[in-house]
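no letters, just coordinates:
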């Protein structure tokens, strides 16, 4: 769901065949009601959806339209639709009650033979498991057959976190770019790039050095980059800004004033019924996509003598988390609030090096718990000599 430039709202959904459809209305509430009615019609047109003859394909499509569509952002829904398409292609004709673990195992192996990455196959299996959980919940089957099928092993993707020195050099090299403040928000504040590109001037108080995350710039399949909701609730709330970030935002505001004067037409945006003046835009005021920021990072990295390979926008988030945890020893819960994670458990997964923390932990254990034993030879009792064994004549 997203607002259009003319102020109307548009929402997407998948019909019974899996095709992407859209509805629009004047208000957010109206478009939600319109999409709900359209989804209800999809459900009513789905044959045998909750009897014992229901197939995996029918159930999967129903799950996508009625469960996933209400739980994930439009940008993520497209990924779920791809997984459901794989489920329908490989297992769609099988009745849910007749599906066996060995069928799932063969299907997953086939996906890997077709060249899909292990991680993609793993995610597709998880989606099938979520679909079949509906069948369990409605009493169609007694158990979820995917529980008996182990997911394929996948190596975690190699991810980077810059050192503090590299991060400062990168920010310095990017400071002269029109998106220099965006780089600073990534590598100092640890924001997601979607939150950076959804930031509006009304969300920022440069004198008080604070900002509020209210929206994000998200990609919607078949539509493009639009304004939408932030990824998690942890992103909401007041974020305190570093002095250098504030200085770059002031420079950005002045540069944007010049850009507006030079543009023949400046694009306007409405979100949640309110006019929004974005901080980071195209030269004509349009919503930026994240690839523009990635290109700025690559140029700045080369200028700063940093390897640009794998330097995506999320490296900033990992860099901030790792630096605060490894270099300063800040509690993960505090770091989670700084970067906008809903859970410190998620934050822990962003740590890429531990710095001196292991040695500091060992020293603390030694101070409080360690005992150095007295092992001098004089302190030990001499062993008694053993009598030689007697031999019988």
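Perfect, thanks for sending it. Here the structure is a predicted model, which means the values were calculated and not measured.

the helices in the stretch 51-200 of the chain, which residues?
56-66, 74-91, 101-113, 118-137, 164-174, 180-184, 193-197 (DSSP state H, counting those that start in this stretch).

of all these, which lies closest to residue 336?
Nearest to residue 336 among the helices of the stretch 51-200 of the chain is helix 193-197; the distance by C-beta to C-beta comes to 14.7 Å. C-beta here means a position set from N, CA and C on the backbone, and glycine is covered the same way.

which elements pack onto that closest one?
With contacts taken as 3 or more C-beta pairs under 8 Å, 6 or more residues apart in numbering; DSSP states H and E, helix 193-197 sits against helix 180-184, strand 216-220, helix 290-303.

follow-up on the earlier one: least reliable of the helices of the stretch 51-200 of the chain by average pLDDT, please.
Of all the helices of the stretch 51-200 of the chain, mean pLDDT reaches its minimum on helix 74-91 (a mean of 86).

three-state assignment of residue 375?
Recorded secondary structure, residue 375: coil (DSSP: H, G, I helix; E, B strand; the rest coil).

what does residue 11 give?
Assignment for residue 11 (three-state DSSP): strand.

just to revisit the earlier point, any idea which of the helices and strands packed on helix 193-197 scores lowest on pLDDT?
Among the helices and strands packed on helix 193-197, strand 216-220 carries the lowest mean pLDDT, a mean of 83.

tell me the buried residues in that strand?
216, 217, 218, 219, 220 (16 or more other C-beta atoms under 10 Å).

burial count for residue 324?
Residue 324 is flanked by 21 other residues according to other C-beta atoms under 10 Å.

same check, this time on residue 294
Residue 294 has 14 neighbours, counted by other C-beta under 10 Å.

for it, what are its contacts?
By C-beta atoms under 8 Å, 6 or more residues apart in numbering, the residues touching residue 294 are 311, 312, 313.

can you tell me how far it sits from residue 84?
As judged by C-beta to C-beta, to the nearest Å, residue 294 and residue 84 stand 29 Å apart.

next one: residue 143
Counting by C-beta to C-beta, the separation of residue 143 from residue 84 is 21 Å.

neighbour count: those two, which is higher?
Neighbour tally, residue 143 and residue 84, criterion other C-beta under 10 Å: the higher count belongs to residue 84, 26 against 10.

picking that back up, which one of the helices and strands packed on helix 193-197 is the most hemmed in?
Neighbour counts (mean count of other C-beta atoms under 10 Å) averaged over each of the helices and strands packed on helix 193-197 peak at helix 180-184, with a mean of 26.

what sits up against that one?
170-171, 174-175, 177, 193, 196-197, 242, 244-245, 248-249, 251-252, 279-280, 293, 296-297, 300, 316.

rerun that using 7 Å as the cut-off
With contacts defined as C-beta atoms under 7 Å, 6 or more residues apart in numbering, helix 180-184 is touched by 170-171, 174, 196, 244-245, 248-249, 252, 280, 293, 296-297, 300.

mind listing the strands for the stretch 151-300 of the chain?
For the stretch 151-300 of the chain, the strands defined by DSSP state E, counting those that start in this stretch cover 204-205, 210-212, 216-220, 224-228, 238-240, 269-271, 274-276.

now tabulate the ones you listed in a markdown table and tack on distance to residue 162.
Converted to a markdown table, those look like this (distance: least, C-beta to C-beta, whole Å):
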| stretch | distance to residue 162 |
| --- | --- |
| strand 204-205 | 25 |
| strand 210-212 | 23 |
| strand 216-220 | 23 |
| strand 224-228 | 26 |
| strand 238-240 | 21 |
| strand 269-271 | 32 |
| strand 274-276 | 32 |
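
for residue 348, which of these is the nearest?
Among the strands of the stretch 151-300 of the chain, strand 238-240 sits nearest to residue 348 (C-beta to C-beta), with 20.4 Å.

give the buried residues for that closest one.
For strand 238-240, the neighbour count (16+ other C-beta under 10 Å) marks residue 239 as buried.

just checking, what packs against it?
Counting contacts by 3 or more C-beta pairs under 7 Å, 6 or more residues apart in numbering; DSSP states H and E, strand 238-240 packs against strand 210-212.

for the strand it packs on, which positions count as buried?
residue 211.

list the strands paired with that strand, with their directions.
With DSSP bridges as the test, strand 210-212 is paired with strand 204-205 (antiparallel), strand 238-240 (antiparallel).

quick one on the thing from earlier: now the contacts of helix 180-184 in JSON lines, with distance to residue 113?
Formatted as JSON lines, these follow (distance: C-beta to C-beta, whole Å):
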{"residue": "170", "distance to residue 113": "41"}
{"residue": "171", "distance to residue 113": "45"}
{"residue": "174", "distance to residue 113": "43"}
{"residue": "196", "distance to residue 113": "40"}
{"residue": "244", "distance to residue 113": "51"}
{"residue": "245", "distance to residue 113": "49"}
{"residue": "248", "distance to residue 113": "50"}
{"residue": "249", "distance to residue 113": "51"}
{"residue": "252", "distance to residue 113": "50"}
{"residue": "280", "distance to residue 113": "43"}
{"residue": "293", "distance to residue 113": "37"}
{"residue": "296", "distance to residue 113": "40"}
{"residue": "297", "distance to residue 113": "36"}
{"residue": "300", "distance to residue 113": "41"}
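
out of those, which is nearest to residue 258?
Closest to residue 258 out of the contacts of helix 180-184 is residue 252 (10.9 Å), distances taken as C-beta to C-beta.

how much space separates that closest one from residue 317?
For residue 252, the distance to residue 317 - C-beta to C-beta - is 20 Å.

ok, residue 69 next?
Residue 69 is 27 Å from residue 317, by C-beta to C-beta.

what do you get for residue 110?
36 Å.

same check on residue 362?
Distance check for residue 362 against residue 317: by C-beta to C-beta, it reads 29 Å.

the two: who's more crowded?
residue 317 (23 against 11).

check contacts around the closest residue in space to the more buried one that isn't next to it in sequence.
Closest residue to residue 317 apart from its sequence neighbours, by C-beta to C-beta, 6 or more residues apart in numbering: residue 190 at 4.9 Å. Contacts for residue 190 (C-beta under 7 Å, 6+ apart) come out as 316, 317, 320, 321, 338, 339.
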